[in-house]
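Undergrad: okay, here's the prediction I keep looking at, along with the sequence it came from:
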Amino acid sequence: MHKNFLLILASSTLLIILFTQLFNKPTVKQAPYEIQQACAPFDISGIPDLTGDVAYFENKKISVPDEVLAMRETAVLGVSSEERWIEVDLSEQKLIAWEGNTQYMQTPISSGLKWWKTPTGEFRIWIKLRATKMEGGEGRYYYNLPNVPYVMFFENDSVPGWKGYGIHGAYWHNEFGTPRSHGCVNLPVSEAAKLYDWASPTLPSGKWSVKSDKDNQGTRVVIHE
């Protein structure tokens, strides 16, 4: 009787263990990019930090290039009679700046990785920053990037500005033409500077950042696959 009880108890315990293993399988942790901020800035002054000359990206220490730290005022380009707009082609990993139907510039980009996809749709630039610090990610995807240059954040009714999606220069990698970012559109620094000068809102003389308003609207950004 006692032996039978112990046998039943052992069998029941084994069944409980088996069911627990079957129905409580560990799940693979994925980055919930839909609810994360992409590349939110630490500040919106836009002033380059001349002491911020070391960055960390995916477990690598990187020196911030001199061209990023160089203080300069934005060039004010002539106003075109045609609407200026920016096209981002995610399937081709390229950006084209247009004046009406005339191409102003084209450059390879790096958009968001699988877990941090760049949103598609039509947006407007809502703020421009000459430089800002960005930090985020975790594990091998951790980054700490002072003086991210020529930043233009965009938004629409579905993707609010606080989510941190933008177009900016990237000095920490040179893999343009392939997805590489946490949701933003990465450009080579020289190309980002050119686009920053061309796009609106227009940066007033002596300023390092500017928000768009009804009298100084942001350039339209169209992102598609």
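TA: Right, received. Where do you want to start?
Undergrad: ranges for the helices of this structure?
TA: Applying DSSP state H to the chain gives helices spanning 2-23, 66-69, 189-198.
Undergrad: comparing those helices by mean pLDDT, which bottoms out?
TA: The stretch with the lowest average pLDDT out of those is helix 2-23, scoring a mean of 42.
Undergrad: in the protein, which strand has the most residues?
TA: Longest among the strand segments of the chain by residue count, using DSSP state E, is strand 121-136.
Undergrad: identify each buried residue in it, please.
TA: Neighbour-count burial for strand 121-136 flags 123-132, 134, 136 (criterion: 16 or more other CB atoms under 10 Å). All C-beta spots, glycine's among them, are computed from the backbone N, C-alpha and C.
Undergrad: tell me the least confident of those residues?
TA: Scoring these by pLDDT puts Gly136 last, at 85.
Undergrad: isn't it up against Gly183?
TA: No: taking contacts as CB atoms under 8 Å, Gly136 lies outside contact range of Gly183: 10.0 Å.
Undergrad: which residues are in contact with both of the two?
TA: Applying CB atoms under 8 Å, 6 or more residues apart in numbering, one finds that Gly136 and Gly183 are jointly contacted by Cys39.
Undergrad: tell me, what residue is most central in the protein?
TA: Cys184 (2.2 Å; CA atoms, centre = their mean).
Undergrad: which residues are in contact with the closest residue to His173 other than its chain neighbours?
TA: Residue nearest to His173 in three dimensions, not counting chain neighbours: Arg180, with 5.8 Å by CB to CB, 6 or more residues apart in numbering. Neighbouring residues of Arg180 by CB under 8 Å, 6+ apart: 110-111, 113, 170, 173, 186.
Undergrad: and what of Gln103?
TA: If you count contacts by CB under 8 Å, 6+ apart, then Gln103 has 96-97 around it.
Undergrad: for the chain, give me the ranges with low pLDDT.
TA: The model of the chain has pLDDT under 70 over residues 1-37, 76, 78-81.
Undergrad: still on that earlier bit, leaving out the residues flanking it, which one is nearest to the residue nearest to the centre of the chain?
TA: Cys184 sits nearest to Cys39 (CB to CB, 6+ apart), 4.4 Å away.
Undergrad: ok, the one you found - how many residues close by?
TA: 26 (other CB atoms under 10 Å).
Undergrad: which residues touch it?
TA: So Cys39 contacts 134, 136, 148, 164-166, 168, 181-184 (CB under 8 Å, 6+ apart).
Undergrad: for it, give its distance to Met71.
TA: 22 Å (CB to CB, to the nearest Å).
Undergrad: can you give me the strands for this structure?
TA: 54-57, 60-63, 84-89, 94-99, 102-108, 121-136, 143-155, 166-169, 185-187, 209-211, 220-224.
Undergrad: direction included, what does the first one pair up with?
TA: The one in question is strand 54-57. strand 60-63 (antiparallel), strand 143-155 (antiparallel) (DSSP bridges).
Undergrad: can you pick out the most distant pair from the buried residues of strand 121-136?
TA: Farthest pair in the buried residues of strand 121-136 (CB to CB) is Arg124 and Gly136. Separation: 23.9 Å.
Undergrad: hang on, the earlier thing: in its sheet, what does the longest strand of the chain sit against?
TA: strand 143-155 (antiparallel), strand 209-211 (antiparallel), strand 220-224 (antiparallel).
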